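Chemist: the amino acid sequence is not available; the structure is as follows:
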């Protein structure tokens, strides 16, 4: 089936410069970008009632003041404001959010989406995210030293209403259950005091402060040394109205979860004040080389804050916005003892659903979790949290390169780059490592996701570049990179979008190639100023002269991917601890065809079984999915299809001096994937084509974009 989509964007920008005096300049610039897009849902077979729309408005404003105190002293003061805003209720005024998401399980291709837009906290949502920043830099030249001293302060507001979570998702086991309106599972956010629509309006705040000093020291005519030190402070996440709770485990013993509490807090973690970042670099060009050779190198430590989005799900720790996964209906109790209540909305609003009376429990003041109903078991909730000592992520970077003029107008660069990252976060469910039941006590949580800063990563690369300036206005260069990127987790999102299948043993069992690791990468580009009437000043030059034609060729080897199976679950670390699926198979028979990485092989499935498989589960010939046990293959141990594309651009600027010497019209045409090269989609973790038991295992589910054209007209004045 066809999955349509459309994006229409408009960007407007302007700049204003004014000289107050010969030594005082003020300037202002602004960018306003509006996007109008819609997309169909592939999981709903592109059903029109599941189409969603987004029409965000992005605004960026910069104000600056540059003061020249003298020929050796200059100061720049800059202020920035950015805003992202989108009201998806208005964007989707034609969408009926009074229809819940309805899906039917147990289909070979996955869950069958029957009705409604895909349920998500941000479908729909109301966003208003503002960033304010002020920065000042003083530059002073003192002999053979150039000093840069400055600081900055940034304040961020995240004012969101994720009201899409109040709309339920219902799951049915087969069409017969659907015909009888008897779902086996319900997922929604709700107010524990009323059982009705949740309140998901939050005003998160954080800020950054930094100071820095840098010295560019020209030691000799051959040697320049750059010395710098930067200090940064990344504030913990807070909420403007004090609506912030965190989970506090009951120590590290067996009762850590069954005795855990949700309690109010002013900030999610303790402040980090020791983020000092030294930087050093050098460039050495020996006089004996006659300016034809230079050696460069450097080392630095870079800190960065943890991603706020991973922590923002803390919003569901409040009683007004608990997350419930109500399971499971059975033949004898089709609505799971009354927990699951099948409703549609009273209007098109996602908050118009009747209250679920089972969830109107109130809150236990001692634990911060829902009370039980009629002496029964309290409904379990999913929560997020943060460790009290949550260090900022940092990366050590280092490099060394040489650049040589090997012939006239030809330069050759050979270099090395490396990086070591520490304290990156992963979302780790504490149910994996602590018992959920101790004696007669049960945990109140079906998920306790705490971003845990124990992920390490490394990157090492050798690169070689050659550049040539030809006659007749043509230049070209090419770069080849041979690299290796390794980590325990490549990217973590707020929705637990993780590719860890053995999270309990992440330090030893999840270390492998990064999702984006490409061993070989080549980029070649050229630019040609067409030699047509290059020196004329008349009409012919104005119209036909000055055209530029550019091209870029990009090629890289395939990204790694992980075969998984939904037939098995991970091994529990201890009794009553949680498990996860899909997981990696317990064994690989080492008999797949991994030598042929052509598009034809991937499309026909020749890596795993060829075009005429003789068994219903082709992947079972290569992986053991019949037994439980720890993973028998490494994370990202297979390679997907490579990539090759050629892009081009044609541009020309027409001066319009009648309206000012800087006035002009620029025409630019872009052509992406000019030769319409077929590039297959990389394998994504957990997709059907990565499931061993899937009939299309090892065959990419689609292709990347084909040839596309873009025309641009820009007016400057």
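Modeler: Arrived safely. Model, not experiment: these values are computed from the prediction.
Chemist: now do the buried residues in stretch 48-65.
Modeler: By 16 or more other Cβ atoms under 10 Å, the buried positions in stretch 48-65 come out as 50-56, 58, 60, 62-64. Backbone N, C-alpha and C define where each C-beta goes, glycine included.
Chemist: and residue 263, what does it touch?
Modeler: Under the criterion of Cβ atoms under 8 Å, 6 or more residues apart in numbering, the neighbours of residue 263 are 245-246, 248, 368.
Chemist: pull out the buried residues from stretch 364-381.
Modeler: Going by 16+ other Cβ under 10 Å, stretch 364-381 has these buried residues: 364, 367-370, 373, 378-381.
Chemist: confirm for me that residue 574 is in contact with residue 435.
Modeler: Yes. Residue 574 lies in contact with residue 435 (Cβ atoms under 8 Å); the separation is 6.4 Å.
Chemist: more neighbours, those two?
Modeler: The neighbour count for residue 574 versus residue 435, taken as other Cβ atoms under 10 Å, is higher for residue 435 (23 against 11).
Chemist: state the distance from residue 200 to residue 362.
Modeler: Computed with Cβ to Cβ, to the nearest Å, the distance linking residue 200 and residue 362 is 20 Å.
Chemist: who's more crowded, the two?
Modeler: Per other Cβ under 10 Å, whichever of residue 200 and residue 362 has more neighbours is residue 200, with 23 against 13.
Chemist: low-confidence stretches in the stretch 351-500 of the chain?
Modeler: For the stretch 351-500 of the chain, applying pLDDT under 70 flags the ranges 374-375, 492-498.
Chemist: how many neighbours does the closest residue to residue 706 other than its chain neighbours have?
Modeler: What sits nearest to residue 706 in space, not counting adjacent residues and going by Cβ to Cβ, 6 or more residues apart in numbering, is residue 676, at 5.1 Å. Residues near residue 676, counting by other Cβ under 10 Å, number 11.
Chemist: what are the phi and psi values at the closest residue to residue 553 other than its chain neighbours?
Modeler: The shortest distance from residue 553 to any non-neighbouring residue, by Cβ to Cβ, 6+ apart, is to residue 524 (4.6 Å). With angles defined as degrees, to the nearest 10, residue 524 sits at phi -130, psi 140.
Chemist: just confirm residue 629 contacts residue 571, I think it does.
Modeler: Yes. Between residue 629 and residue 571 there is a contact under Cβ under 8 Å: 6.5 Å.
Chemist: between the two, who's got more neighbours?
Modeler: Using other Cβ under 10 Å, the more surrounded residue of residue 629 and residue 571 is residue 571, with 17 against 13.
Chemist: for the residue nearest to residue 553, what are its contacts?
Modeler: With Cβ under 8 Å, 6+ apart, residue 524 has these contacts: 476-479, 552-553.
Chemist: who is it paired with across the strands?
Modeler: For residue 524, the beta-bridge partners are residue 478, residue 553 (DSSP bridges).
Chemist: residue 518 versus that one, what's the distance?
Modeler: Computed as Cβ to Cβ, the residue 524 to residue 518 distance reads 16 Å.
Chemist: do residue 353 as well
Modeler: 47 Å.
Chemist: cool, and residue 392?
Modeler: Distance, residue 392 to residue 518, using Cβ to Cβ: 28 Å.
Chemist: and residue 95, by the same measure?
Modeler: Distance of residue 95 to residue 518, given as Cβ to Cβ: 39 Å.
Chemist: quick one on the thing from earlier: what about the contacts of residue 263, which are in helices?
Modeler: Assigned to helices by DSSP state H, none of the contacts of residue 263 qualify.
Chemist: which of those are buried?
Modeler: Among the contacts of residue 263, the ones that count as buried by 16+ other Cβ under 10 Å are 245-246, 368.
Chemist: and the residues you listed as JSON lines, adding distance to residue 190?
Modeler: Listed next are the buried ones among the contacts of residue 263 as JSON lines, based on distance: Cβ to Cβ, whole Å:
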{"residue": "245", "distance to residue 190": "16"}
{"residue": "246", "distance to residue 190": "21"}
{"residue": "368", "distance to residue 190": "16"}
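Chemist: what strands flank the host helix or strand of residue 155, and is each parallel or antiparallel?
Modeler: Taking DSSP states H and E as the definition, one finds residue 155 inside strand 145-161. Sheet pairing here is set by DSSP bridges, and for strand 145-161 it gives strand 126-142 (antiparallel), strand 201-218 (antiparallel).
Chemist: let me know which of those is the nearest to residue 600.
Modeler: Closest approach to residue 600 among the strands paired with strand 145-161 (Cβ to Cβ): strand 126-142, 44.4 Å.
Chemist: next, the buried residues of stretch 433-452.
Modeler: Buried residues in stretch 433-452, counting neighbours by 16+ other Cβ under 10 Å, are found at 433-436, 438, 442-452.
Chemist: show me where this structure has helices.
Modeler: Remark: helices assigned in the chain by DSSP H are 88-91, 175-179, 308-311, 506-509, 539-544, 599-604.
Chemist: in stretch 126-145, which residues are buried?
Modeler: 126-127, 129, 131, 133, 135, 137-139.
Chemist: ok, residue 14 - contacts?
Modeler: Shown in contact with residue 14 (Cβ under 8 Å, 6+ apart): 29-30.
Chemist: what is it paired to in the beta sheet?
Modeler: Note on residue 14: beta-bridge partners by DSSP bridges are residue 30.
Chemist: give me the pLDDT value at it.
Modeler: At residue 14, the pLDDT value in this model is 87.
Chemist: ok, residue 659 next?
Modeler: Note for residue 659: predicted pLDDT of 61.
Chemist: packing partners for the longest strand seen in the chain?
Modeler: In the chain, with assignment by DSSP state E, the single longest strand is strand 445-469. Identification of packing neighbours for strand 445-469 by 3 or more Cβ pairs under 8 Å, 6 or more residues apart in numbering; DSSP states H and E yields strand 245-248, strand 381-384, strand 410-429, strand 474-487, helix 506-509.
Chemist: of these, flag the one that's most buried.
Modeler: Comparing these by mean neighbour count (mean count of other Cβ atoms under 10 Å), strand 381-384 ranks first with a mean of 24.
Chemist: now the strands paired with strand 145-161 as JSON lines including mean pLDDT?
Modeler: Shown next, in JSON lines, are these (pLDDT from 0 to 100):
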{"stretch": "strand 126-142", "mean pLDDT": "97"}
{"stretch": "strand 201-218", "mean pLDDT": "96"}
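Chemist: rewinding a little: closest one to residue 195 out of the buried ones among the contacts of residue 263, please.
Modeler: Closest approach between these and residue 195, by Cβ to Cβ: residue 368, at 17.7 Å.
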